[in-house]
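Asker: turn this into a structure:
(one chain, ligands or ions: 2)
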Amino acid sequence: MYLVFLGAPGAGKGTQATKVCEKYNIPHISTGDILRANIKAGTALGAEAKGYIDKGLLVPDEVVIGLVKQRLAEADCQKGFLLDGFPRTIEQAKALNDFAKITCAINLAVDEKLVVDRIAGRRMCKCGESYHVSWYGKDVCAKCGEKLYQRDDDKEDTVKARLEVYNAQTAPLIEYYSNMGILKDVDGTQEMNKVFDDIVRILNDNH
Ligand code: AP5
Ligand code: MG
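Answerer: Ligands and ions are numbered 1, 2, ... in the order given. Okay, the predicted model is just below:
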């Protein structure tokens, strides 16, 4: 399966992608995670990306497209992959069609108030796990014991900018993939396990 996950910031893309990739044994490719890893490692790419991410803006198409093209050429992606947070513009989606054949685009549909609450309460671990203060009371990761932290771009003003960017530049991808005949909508407002069950049902029916 060659999958794309669409959805607003905080829709649950990362949460569901982790579970789906574990179940189907495919690589989870999150452009946000790759860019943040570059910032942490102090690479030139990270330095360029940070200026955009901190403002809630998109990193330029040519940078992200190059990154994904290179990643998808690796051996572990040949039998399937899940793209989380890419494509994010029509330009990126068109470029992706030139180097990959996507079989399903899952759109996690949520409303704006919900995602603001989800992002405000999100706590991350450097191992990749993500929690929410409403259901996880500890400040260390249940998997690896590391201290949890809040993402730099999860501040209120930046979240507002991210949502505006999503509505203007990324939401049109819903129609784009619908026109390609591979869009599947999932109600992302449901409890996490229900969202996962819906995704699994769609993937089992379509692959
Ligand atoms: P990115 O890292 O992709 O962030 P995002 O799209 O803003 O999405 P998030 O990671 O914030 O949310 P999510 O949908 O993964 O939600 P999560 O599962 O964590 O991008 C960051 C930045 O990088 C961009 O702003 C841009 O600058 C740059 N970038 C990345 N890709 C790019 C691209 N292709 N082009 C250009 N620039 C790019 O869940 C959120 C919270 O809710 C968690 O606390 C979770 O525990 C909780 N939660 C999840 N599901 C549920 C549920 N069903 N019920 C209750 N709580 C839930
Ligand atoms: Mg994410």
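
Asker: pretty sure Thr31 is touching Phe86, no?
Answerer: Yes. If you go by Cβ atoms under 8 Å, Thr31 and Phe86 touch, sitting 4.4 Å apart. All C-beta spots, glycine's among them, are computed from the backbone N, C-alpha and C.

Asker: what touches both of those two?
Answerer: Shared contacts of Thr31 and Phe86, defined by Cβ atoms under 8 Å, 6 or more residues apart in numbering, are found at 64, 68.

Asker: top helix in the chain by residue count?
Answerer: helix 192-206 (DSSP state H).

Asker: report the buried residues of that one.
Answerer: 195-196, 198-199, 203 (16 or more other Cβ atoms under 10 Å).

Asker: list just the nearest of those residues to Tyr2.
Answerer: Nearest to Tyr2 among the buried residues of helix 192-206, counting by Cβ to Cβ, is Leu203 at 11.3 Å.

Asker: now the closest one: how far from ligand 1?
Answerer: 17 Å (Cβ to the nearest ligand atom, to the nearest Å).

Asker: okay, now Ala93: neighbour count?
Answerer: Residues contacting Ala93 under the criterion other Cβ atoms under 10 Å number 21.

Asker: any idea where the helices of this structure begin and end?
Answerer: 13-24, 31-41, 44-53, 61-72, 90-99, 112-120, 156-165, 172-180, 192-206.

Asker: quick one, which of the ones you listed gets closest to Leu82.
Answerer: Using Cβ to Cβ, the nearest of those to Leu82 is helix 13-24, at 5.3 Å.

Asker: and that closest one, what does it pack onto?
Answerer: strand 2-6, strand 28-30, strand 81-84, helix 192-206 (3 or more Cβ pairs under 8 Å, 6 or more residues apart in numbering; DSSP states H and E).

Asker: again, 10 Å this time
Answerer: strand 2-6, strand 28-30, helix 31-41, strand 81-84, strand 104-109, strand 122-124, strand 130-132, helix 192-206 (3 or more Cβ pairs under 10 Å, 6 or more residues apart in numbering; DSSP states H and E).
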